[in-house]
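>>> okay, sequence plus prediction incoming.
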Amino acid sequence: MSQRVSDEAVGEIRSGSSSRRHGDTLPHIHKVGVLPKLPLIQEIKHSVIETFFSDNPFEQFKNQTWSRKFLLGLQSVFPIFEWGRHYDLNKFRGDFISGLTIASLCIPQDIAYAKLANLDPQYALYTSFVAPLVYAFMGSSRDIAIGPVAVVSLLLGTMLSNEISDYKTHEYLRLAFTATFFAGVTQMALGVLRLGFLIDFLSHAAIVGFMAGAAITIALQQLKGLLGIKNFTKKTDVVSVMRSVFSAAHHGWNWQTIVIGVAFLVFLLVTKHIAKKNKKLFWVAAISPMISVIISTFFVYITRADKKGVAIVRHVKKGVNPSSASEIFFSGKHLGAGVRIGVVAGMVALTEAVAIGRTFAAMRDYSIDGNKEMVAMGTMNIIGSLTSCYVATGSFSRSAVNYMAGCKTAVSNIVMSIVVLLTLLLITPLFKYTPNAVLASIIIAAVLGLVNIEAVILLWKVDKFDFLACMGAFFGVIFKSVEIGLLIAVAISFAKILLQVTRPRTAVLGKLPGTTIFRNVQQYPKATQINGMLIIRVDSAIYFSNSNYIKERILRWLTDEEAQRVASGLSRIEYLIVEMSPVTDIDTSGIHAFEELYKSLQKREKQLILANPGPIVVEKLHASQLTNLIGEDKIFLTVADAVSTFGSKGAAVV
């Protein structure tokens, strides 16, 4: 056609003459429709809204008074003002018990996790005081428990020590606060700019491998405290750690330390097993770390085992958080490192928190706002960096305990925070004789749950590429470093996306007997191909990255199928039907590829037919005049319509 047809005539099929030509009388065949053309500004506006505001966050503000809008805005930033109006004593009872329970778990864990970050124990306690308070006001999850976690602590400790090797210096501490500040800035920026979808690029498979590798690395690092080794490597890879362990076997191990560590590790693992078997006894595992600390500290104090080589905590600074606003590097040689470490730690912490929040929200059948979570996490880490805290996020072990203890709202975090404050003000000197071996056993018992064997097996069964991503992240962490493992995880995740985009699947379709349905002949062996026709389905949008491959793959299908049919004594293929229902979009490269495909088919004396193109695709086919090249009568709503129009009735290839 030399001119563009009207919307009413778009895709209309001239079925009468074609049907009569083949001796068929066709029922009415619907035309392929086109969406009304929107002005450019509206198209851009629609795309921006769907990308960044798909949850329609401003809907609640429509037709409201200014005072009501202010209240809704306040509740949007601080959800506590919304659910707090309905808070009652029954909810507080559940939150109070949950808060006390997770506090008994977090205090010994915090002291242990601080060692992973190469920081003094009080900084982890500071973090568990400030961060949960901020999150309780701004977070949207009812169940998540906030504080330092093993993976982020190890990641920080590794990256910070790579920049400043002497972690006892004040510069190291300042860099930790700087990284925490920029971790918060990163998280808040993602939430404010509504870029939360970026964290989804780290696939579930990569997270499973990364977490498992980090868990193994953390557990191996604890051999220093569990065996009483004094001279231990600062590297985290498994080779360096095991070399350090065995080189100290003859003179560096302390048997008293081993007895204490192994005994309490067995105790912790047994209590975890009991809690796993009987969900009602979850509190046994929750309080076992605190019991371990109390008993071991008392034992060391009365036996003075510290004088026999048993390493102890020695000093946990008493008092509330001091200000650290003046300690953050906003200039100088360490600023770049602080930003880089903060961005990485912030992304990892955010990924873990969002995954935990979504898990428990699904269990309780409520939804969390991902962007609000990012703003809440970012705010609490920014405030934390100004009050001597390091990067905090959601803890899976504590969140699970919080959930099972019957928490109702985020008030359980406030209760935990108050208990930690009282600990800082009153009882931190009592931790002086706590043996490092017990802290090591607490960490080992906590991180073993991060190794999800069942998930790895499922990855192998479902998707081998996901399994490869998982193993790449796992081995990268344990044989190199945490950040290298994370980099490998991200790289493999992106590689999978690129592979799927550049090499999409295509399939040959056949007709299911007794129906007008066409399906993949490999999936449905009884589906029969139509004589003189080849039907190909493209299972992807067609872009510059895959357009040439799709064209070549279709021609290869055509060559192979025709050779087989001719060898079987069947007629040559006259029509190539491309089923386009999975093709959500097409760009100029894709249009050009179809033009080349059409010309190639013309040289082979074959006709190109398109079936069921989507609205965006149809619009672009018309805008590029490709419909004029192919012919309006060669574009159909369904494959069945195309076959009825151009195929020989009853002719099929078995």
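In hand now; what should we look at?
>>> A helix includes residue 389, no?
No - using DSSP: H, G, I helix; E, B strand; the rest coil, the secondary structure at residue 389 is coil, not a helix.
>>> which helix or strand contains residue 320?
According to DSSP states H and E, residue 320 maps onto no helix or strand at all.
>>> give the contact list for it.
Residue 320 sits next to 129, 421, 424, 425 when contact means C-beta atoms under 8 Å, 6 or more residues apart in numbering. Placement of C-beta: from N, CA and C, glycine included.
>>> got phi/psi on it?
With angles defined as degrees, to the nearest 10, residue 320 sits at phi -80, psi 170.
>>> average model confidence for the helix of greatest length in the chain?
Of all segments of type helix in the chain, defined using DSSP state H, the longest is helix 335-364. For helix 335-364, the mean pLDDT works out to 89.
>>> before we move on, back to that, please list only the buried members of the contacts of residue 320.
129, 421, 424 (16 or more other C-beta atoms under 10 Å).
>>> in this protein, where is pLDDT below threshold?
1-30, 33-38, 40, 43, 45-58, 61, 200, 648-654 (pLDDT under 70).
>>> which segments of it make up each domain?
2-34+503-653, 89-451 (automatic domain parsing).
>>> of the ones you listed, flag the one that's most buried.
Of all the domains of the chain, domain 89-451 carries the top mean neighbour count, a mean of 21, counting by mean count of other C-beta atoms under 10 Å.
>>> contact partners for residue 109?
Residues in contact with residue 109 (C-beta under 8 Å, 6+ apart) are 147, 148, 289, 395, 397, 398, 442, 443, 446.
>>> what do you get if the cut-off is 10 Å, keeping everything else the same?
Applying C-beta atoms under 10 Å, 6 or more residues apart in numbering, one finds that residue 109 lies in contact with 102, 124, 128, 147-150, 153, 289-290, 293, 395, 397-398, 439, 442-443, 445-446.
>>> quick check on it: phi, psi?
Residue 109 adopts backbone torsions of phi -60, psi -40, taken as degrees, to the nearest 10.
>>> keep only those of the contacts of residue 109 that are in strands.
147, 395 (DSSP state E).
>>> before we move on, what SS does residue 157 have?
Looking at residue 157 with three-state DSSP, the answer is helix.
>>> likewise residue 284?
helix.
>>> excluding chain neighbours, what is closest to it?
Leaving aside its chain neighbours, residue 284 sits nearest to residue 271 (4.9 Å; criterion: C-beta to C-beta, 6 or more residues apart in numbering).
>>> the one you found contacts residue 278, doesn't it?
No - counting by C-beta atoms under 10 Å, residue 278 is not a contact partner of residue 271; they are 11.3 Å apart.
>>> common neighbours of these two, please.
residue 284.
>>> between the domains of the chain, which one is nearest to residue 494?
domain 89-451 (6.9 Å; C-beta to C-beta).
>>> so residue 534, which state does it fall into?
Going by three-state DSSP: residue 534 is strand.
>>> ok, now how distant is it from residue 573?
Distance of residue 534 to residue 573, computed by C-beta to C-beta, to the nearest Å: 5 Å.
>>> before we move on, back to that, helices and strands around the longest helix of the chain, which ones?
For helix 335-364, the elements it packs on are strand 145-147, helix 150-163, helix 170-192, helix 204-221, helix 370-385, strand 393-395, helix 396-404, helix 482-502, judged by 3 or more C-beta pairs under 10 Å, 6 or more residues apart in numbering; DSSP states H and E.
>>> let me have these in JSON lines, extended by distance to residue 72.
Output for those, formatted as JSON lines (distance: least, C-beta to C-beta, whole Å):
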{"stretch": "strand 145-147", "distance to residue 72": "25"}
{"stretch": "helix 150-163", "distance to residue 72": "34"}
{"stretch": "helix 170-192", "distance to residue 72": "18"}
{"stretch": "helix 204-221", "distance to residue 72": "34"}
{"stretch": "helix 370-385", "distance to residue 72": "13"}
{"stretch": "strand 393-395", "distance to residue 72": "26"}
{"stretch": "helix 396-404", "distance to residue 72": "29"}
{"stretch": "helix 482-502", "distance to residue 72": "37"}
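>>> follow-up on the earlier one: quick one: closest of the domains of the chain to residue 497.
Comparing the domains of the chain by C-beta to C-beta, domain 89-451 comes nearest, at 7.6 Å.
>>> where's the closest residue to residue 215 other than its chain neighbours relative to residue 217, distance?
Excluding its sequence neighbours, the residue lying closest to residue 215 (C-beta to C-beta, 6+ apart) is residue 450, at 3.7 Å. Using C-beta to C-beta, residue 450 is found at 11 Å from residue 217.
>>> run the chain-centre distance for stretch 349-361.
Centroid separation for stretch 349-361 versus its chain: 9 Å, with C-alpha atoms, centre = their mean, to the nearest Å.
>>> roughly how far is stretch 133-151 from the heart of the chain?
The answer for stretch 133-151 is 18 Å, by C-alpha atoms, centre = their mean.
>>> actually stretch 496-504, sorry about that
Remark: stretch 496-504 is offset 19 Å from the chain centroid, using C-alpha atoms, centre = their mean.
>>> residues in contact with it: which ones?
So stretch 496-504 is contacted by 201, 203, 205-206, 463, 465-466, 468-469, 538-546, 548-550, 553, 582-583 (C-beta under 10 Å, 6+ apart).
>>> what does stretch 547-561 give?
By C-beta under 10 Å, 6+ apart, stretch 547-561 touches 502-508, 529, 533-536, 538-540, 542-543, 546, 573, 576, 578, 583, 586-597, 600-601, 604, 606, 608, 653.
>>> swap the cut-off to 8 Å and go again
502-504, 506, 508, 529, 534, 536, 538, 540, 542, 573, 576, 578, 587, 589-590, 592-594, 596-597, 600, 604, 606.
>>> restricted to strands, list these.
Filtering the contacts of stretch 547-561 for strands - DSSP E - leaves 506, 508, 529, 534, 536, 538, 576, 578.
>>> turn the residues you listed into JSON lines, including distance to residue 332.
As requested, the ones in strands among the contacts of stretch 547-561 are exported to JSON lines (distance: C-beta to C-beta, whole Å):
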{"residue": "506", "distance to residue 332": "56"}
{"residue": "508", "distance to residue 332": "64"}
{"residue": "529", "distance to residue 332": "71"}
{"residue": "534", "distance to residue 332": "67"}
{"residue": "536", "distance to residue 332": "61"}
{"residue": "538", "distance to residue 332": "55"}
{"residue": "576", "distance to residue 332": "65"}
{"residue": "578", "distance to residue 332": "60"}
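>>> what's the farthest-apart pair in these?
529 and 538 (17.2 Å).
>>> state the distance from residue 644 to residue 461.
For residue 644, the distance to residue 461 - C-beta to C-beta - is 41 Å.
>>> ugh, typo on my part, it should be residue 174
48 Å.
>>> equivalent analysis for residue 131, please.
As judged by C-beta to C-beta, residue 131 and residue 461 stand 39 Å apart.
>>> swap in residue 247?
For residue 247, the distance to residue 461 - C-beta to C-beta - is 41 Å.
>>> thank you kindly, that will do.
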